[in-house]
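Student: Provided below for reference: sequence and predicted model.
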Amino acid sequence: MKTKILIVASLAALVIPAASFGGLTGQDRENGARACRALRASLGTELFRQTYGTAQSHRMNAMGKCVSQWTHAAHQDRVSARSACTAEQADPNFAASHDGKSFAEFYGTGKNHKNAFGQCVSSKTKAALDQQVSTTQNAARSCKAERASMGGPAFRAKYGKNASDRNAFGKCVSTLAKSST
């Protein structure tokens, strides 16, 4: 009987941390929406729609497409941040490379620093998303300049991937953003 209880407890200990890495969360969606709002503000509505909208007559779906894409990116960033924070928390030399502060002292706030792990994950996720947003902004500006220098038909022929090549701008941005990372 004790063996069965030990096995069940061991399995539960493995399942609970795995579930925390699970699917998309509301926070992932909020981080994705925050990234899209920042992109729309910096690029302008028309350039944002050209980047994320699907067709000339359906560009009104750009925000939804953007949020969906960036929610997945936010999720991946959060999972990576959790792994990085777990490694930092377990690092016996953490204090030596962080001005003598423990993990809890470095990341935590408040009197007891009990939120250190969450603060670590949050800060690393935000930094990764901010970098990706910046890369996407730069890629969109480069594509806008390239389209202006090449002319519309040549640009669409180079980057377009569908029957009417109307997705050329978004494909250009995606290509340049991925090559920058």
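Tutor: It's in.

Student: From now on I want contacts and neighbour counts done on CA atoms only, so please keep to that.
Tutor: Fine.

Student: now S42, nearest residue through space, not along the chain?
Tutor: In space, not counting the residues next to it along the chain, S42 is nearest to Q137; the distance is 7.4 Å by Cα to Cα, 6 or more residues apart in numbering.

Student: Let me know the helix or strand that that neighbour is in.
Tutor: helix 116-150 (DSSP states H and E).

Student: follow-up on the earlier one: go ahead and confirm the residue nearest to S42 touches L43.
Tutor: Yes - with contact taken as Cα atoms under 8 Å, Q137 and L43 are classed as touching, separated by 6.9 Å.

Student: for the chain, which spans come out with low pLDDT?
Tutor: Judged against pLDDT under 70, the low-scoring parts of the chain cover residues 1-22, 55-59, 163-165, 181.

Student: at 90 instead, please
Tutor: Residue ranges of the chain with pLDDT under 90: 1-27, 45-47, 49-62, 65, 110-114, 151-171, 174-175, 178-181.

Student: quick one, helices of it?
Tutor: Taking DSSP state H, the helices of the chain run over residues 2-20, 26-43, 45-52, 62-90, 103-107, 116-150, 152-159, 168-180.

Student: Just give the nearest non-adjacent residue to A140, would you?
Tutor: Once its chain neighbours are removed from consideration, A140 has its nearest residue in V173; the separation is 5.2 Å (Cα to Cα, 6+ apart).
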